[in-house]
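Peer 1: I would like the atomic coordinates for the input below:
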Amino acid sequence: MTATPFWTGARGYRAAVAYNKDLGKWFGRHQASVFRQDMWSWVNQQPWRFYETDASGNVIQNLANLTNADSGRITMPAVWMPIFPATIIGGRDWPVDTIEHPNGRKYRYSPQIYADAAPKTAGNPMGLSGPINAATGQSSNTTYTMDDTRETSWGATLFSEWWRGRIDTMAGFRREEATGFRKHTGLKRGPISYDSLTTGFVADTPIKDLRLSASFSSNGKINFDTTRDIFNEPLPPGKGVSRDVGFKFDLFERRISGNVNYYVSEAQNFTASIPSRDDVDPNGLNGRHGGNAYTYSKTSDGYNLTLSSRPLRGWELRVSFATANGSERSNVTLPQFYNDQFNTTTVGGQAVVGAKTSATAAVVPLLVPADPRDPTSPEIPLSLAMLKDQNSPYYAQLDLESGQILNAQSIGLLTTGVGTGTNGLPITDHQLGFVSPSGGTLIVRRAGEKTTGYAERSYSIINRYQFTEGRLKNIVVGLTTSYQQNYRAYMYNDAADGNRRKMFYFPDRLLNDVFAVYRFNVSRRVRASVQINVANVLDANRVLYLVNSTNGTLRYAQWFNAPRKLALTTSVTY
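Peer 2: Below you'll find the predicted structure:
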């Protein structure tokens, strides 16, 4: 019963001025605008858990243990419940502040760490409770964040129409600067600045109703949000450049219209999520080390074709076709972290698991029942030999890829004071002798490889028909059919083929969605509409078998498509 709620907001000021001028047939008509903006935004995030209370409803806390993971409080133990229950523990509806546990005790929902609990220091300017990283002096809890960002920007655009509309041009420029401040660590980031430029034109050709178009744009993204990379560092600003050229047409007395384009897009510091985060940064005894993101560079190009027509009165048909082909421009190799480090000591010359009641207390042996099925059985120290022995009831079940201790709760390793609070160690420091099958690193991307996350070819047909008379007047019905070919899912290492890097493709996908809209007048001034959307109307689905990115063996299976979904929307305009 844990959660990580967050709060976000923004406020700011923006001023803009626009100006229009017609300079005649040869010098054209122009629309110019400029703006200035100053904005503050914030994202606050806290981990919350349930802690035991006394008879008065106050959370029980030992301030001498303020620097442990739960700030000296007693966490609510796990309890078996049915999957997908109608109510939570104690028969209560969520959300709830207090829970009565089957053990007869009550637990209250509270922040795991909180401000003004400890002396304020340079590394801990808010005086947060919980463990403190000895190297940095900052809180070891990576899920508590208080980030403020200030962004200032200005820009200008110019739209021009030349030679009585035969040529249209556009140019835009924007300059932005951002500064980030992480309140709970005192870290200031920036200022970071970037410029973006957009230019383009559309011009008539000798063929009637056929126009040539081209554009160039550069852009950027400042990553001052809560997302962090695997090393728990803020993400650098992303940058991109796009170019496209093509034709726009409106032919056969406007019966067929559309466009065809060829594009080239380049991106630097593009942000993506780690495909198998638990393989490189598992959520162990001491939490994770960093975030779930990384950056990379890529380029892509392809063609887009869109055709729109009206075969009959009331019937609109739109056909789209797109290709995409991208390749990597950077190598991304992530280390595997060991986040399960626990305290140890010796008993009779044998290494055993230890626990600390406070940051300054000595490590004492962790005692567990000799028979975990009988809590009254004699207590014995939990030794490392027991954790390694497959015949022991305290055998540690390790994930085959990451080495994470999967049954840490059931064998007592989540007891307060067992975890050292240190994470981000190399996997070679694993205390139970785990050896990574991938050698301690995970290859995510390689320069020159194909990029992933899209279909190489996509087709779409949208049929829309509006009734204009009779009992069905003002009803619109439609069908959207989409088809994807060669969807690039992710790259993997095929251990059965000399560890070669290969692309894993999703199966081709064909989906049909339908919709219907009815608009009507409630009164002279009030209009209403009712719309029904049915996604995946045929409920098409299949089992998708996913392979492990580290060796190509079967990892798990899941449903490929989302099941049929119906949505009913009503609106009133007055």
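Peer 1: which intervals of this protein have sub-threshold pLDDT?
Peer 2: 1, 222-227 (pLDDT under 70).
Peer 1: Go through stretch 369-386 and flag the buried ones.
Peer 2: Within stretch 369-386, the residues that count as buried by 16 or more other Cβ atoms under 10 Å are Pro369, Ile380, Pro381, Leu382, Ser383, Leu384, Met386. The C-beta positions use only the backbone N, C-alpha and C, and glycine is treated the same way.
Peer 1: ok, the last one - contacts?
Peer 2: What it means is Met386. With contacts defined as Cβ atoms under 8 Å, 6 or more residues apart in numbering, the neighbours of Met386 are Ser392, Tyr394, Tyr395.
Peer 1: Gly72 now?
Peer 2: Per Cβ under 8 Å, 6+ apart, neighbours of Gly72: Gln61, Asn62, Leu63, Ala64, Asn65, Leu66, Ser129.
Peer 1: Turn those residues into a markdown table, including secondary structure.
Peer 2: Output for the contacts of Gly72, formatted as a markdown table (DSSP: H, G, I helix; E, B strand; the rest coil):
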| residue | secondary structure |
| --- | --- |
| Gln61 | strand |
| Asn62 | coil |
| Leu63 | helix |
| Ala64 | helix |
| Asn65 | helix |
| Leu66 | coil |
| Ser129 | coil |
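Peer 1: And those, which is closest to Gly287?
Peer 2: Ser129 (15.2 Å; Cβ to Cβ).
Peer 1: now that closest one: how far from Asn141?
Peer 2: 9 Å (Cβ to Cβ, to the nearest Å).
Peer 1: who's more crowded, the two?
Peer 2: Higher neighbour count among Ser129 and Asn141: Ser129, with 29 against 23, using other Cβ atoms under 10 Å.
Peer 1: That one contacts Pro119, correct?
Peer 2: No. Ser129 is beyond contact range of Pro119, at 11.4 Å (criterion: Cβ atoms under 8 Å).
Peer 1: buried ones in stretch 523-541?
Peer 2: Asn533, Val534, Ala535, Asn536, Val537.
Peer 1: What is the end-to-end distance of it?
Peer 2: 44 Å (Cα to Cα, to the nearest Å).
Peer 1: what's the answer for stretch 61-79, then?
Peer 2: 22 Å.
Peer 1: before we move on, back to that, the contacts of Gly72 into TSV, with extra columns for distance to Ala156?
Peer 2: Shown next, in TSV, are the contacts of Gly72 (distance: Cβ to Cβ, whole Å):
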residue	distance to Ala156
Gln61	57
Asn62	61
Leu63	58
Ala64	62
Asn65	59
Leu66	54
Ser129	50
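Peer 1: Please pick the buried ones from these.
Peer 2: Gln61, Asn65, Leu66, Ser129.
Peer 1: just curious, which of these is nearest to Asp22?
Peer 2: Nearest to Asp22 among those, with distances taken as Cβ to Cβ, is Ser129, at 66.7 Å.
Peer 1: Relative to Gln112, how far out is that closest one?
Peer 2: Counting by Cβ to Cβ - Ser129 and Gln112 are separated by 9 Å.
Peer 1: Find residues that contact each of those two.
Peer 2: In contact with both Ser129 and Gln112: Ser71, using Cβ under 8 Å, 6+ apart.
Peer 1: picking up where we left off before, just put the buried residues of stretch 523-541 in TSV and tack on secondary structure and distance to Thr98.
Peer 2: Formatted as TSV, the buried residues of stretch 523-541 follow (DSSP: H, G, I helix; E, B strand; the rest coil; distance: Cβ to Cβ, whole Å):
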residue	secondary structure	distance to Thr98
Asn533	strand	41
Val534	strand	42
Ala535	strand	40
Asn536	coil	42
Val537	coil	45
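Peer 1: Tell me which two of the residues you listed sit farthest apart.
Peer 2: Asn533 and Asn536 (10.8 Å).
Peer 1: Now the common contact residues for these two.
Peer 2: In contact with both Asn533 and Asn536: Asp513, using Cβ under 8 Å, 6+ apart.
Peer 1: Which of the three states applies to the nearest residue to Thr306 once chain neighbours are set aside?
Peer 2: In this structure, Thr306 finds its nearest non-sequential neighbour in Gly258, 4.5 Å apart by Cβ to Cβ, 6 or more residues apart in numbering. Under three-state DSSP, Gly258 falls in the strand class.
Peer 1: Could you give the number of residues near Gly258?
Peer 2: Neighbour tally, Gly258, other Cβ under 10 Å: 18.
Peer 1: go on, Tyr492?
Peer 2: Based on other Cβ under 10 Å, the number of other residues close to Tyr492 is 23.
Peer 1: Which residue, other than its chain neighbours, is closest to it?
Peer 2: Here the residue nearest Tyr492, using Cβ to Cβ, 6+ apart, is Ser549, at 4.4 Å.
Peer 1: show me what contacts that neighbour?
Peer 2: Ser549 touches Pro275, Ser276, Asp279, Leu442, Tyr490, Met491, Tyr492, Asn493, counting by Cβ under 8 Å, 6+ apart.
Peer 1: what's the fourth one in contact with, if anything?
Peer 2: Looking back up the chat, that one is Leu442. Contacts of Leu442 (Cβ under 8 Å, 6+ apart): Ser276, Asp279, Val280, Thr333, Leu334, Pro335, Gln336, Ser549, Thr550.
Peer 1: Check the gap between the fourth one and Leu442 for me.
Peer 2: Here the distance between Thr333 and Leu442 works out to 7 Å (Cβ to Cβ).
Peer 1: cool, and the second one?
Peer 2: To Leu442, Asp279 is 6 Å away according to Cβ to Cβ.
Peer 1: quick one: common contacting residues for the two?
Peer 2: With Cβ under 8 Å, 6+ apart as the test, Asp279 and Leu442 both reach Gln336, Ser549, Thr550.
Peer 1: which residues touch the first one?
Peer 2: So that's Gln336. Counted by Cβ under 8 Å, 6+ apart, Gln336 has contacts Asp279, Val280, Asp281, Ser402, Gly403, Pro426, Ile427, Ser436, Ser438, Gly440, Thr441, Leu442.
Peer 1: And those residues, which of them are buried?
Peer 2: Asp279, Val280, Asp281, Ser402, Gly403, Ile427, Ser436, Ser438, Leu442.
Peer 1: on that earlier part again, and for Ser129 and Asn141, which residues touch both?
Peer 2: By Cβ under 8 Å, 6+ apart, the residues touching both Ser129 and Asn141 are Ile113.
Peer 1: If we ignore the residues flanking it in sequence, what's nearest the residue nearest the centre of the chain?
Peer 2: Geometric centre of the chain, nearest residue: Ser273, 6.4 Å, by Cα atoms, centre = their mean. What sits nearest to Ser273 in space, not counting adjacent residues and going by Cβ to Cβ, 6+ apart, is Asn292, at 5.3 Å.
Peer 1: swap in Ser110?
Peer 2: Per Cβ to Cβ, 6+ apart, closest to Ser110 is Tyr51, 5.4 Å.
Peer 1: Go through the helix or strand the one you found falls within and flag the buried ones.
Peer 2: Element membership for Tyr51 (DSSP states H and E) is strand 48-52. Buried residues in strand 48-52, counted by 16+ other Cβ under 10 Å: Arg49, Phe50, Tyr51, Glu52.
Peer 1: do stretch 168-180 as well
Peer 2: Quick answer for stretch 168-180 (16+ other Cβ under 10 Å): Asp168, Thr169, Ala171, Gly172, Arg174, Glu176, Ala178, Thr179, Gly180.
Peer 1: pretty sure the third one belongs to a strand, no?
Peer 2: Yes. The assignment for Ala171, made by three-state DSSP, places it in a strand.
Peer 1: any idea which of the buried residues of strand 48-52 is closest to Tyr505?
Peer 2: So of the buried residues of strand 48-52, ranked by how close each gets to Tyr505 (Cβ to Cβ), first place is Arg49, at 41.5 Å.
Peer 1: Identify the residues contacting that closest one.
Peer 2: Applying Cβ under 8 Å, 6+ apart, the residues contacting Arg49 are Met1, Thr2, Asp70, Thr75, Met76, Tyr109, Ser110, Gln112.
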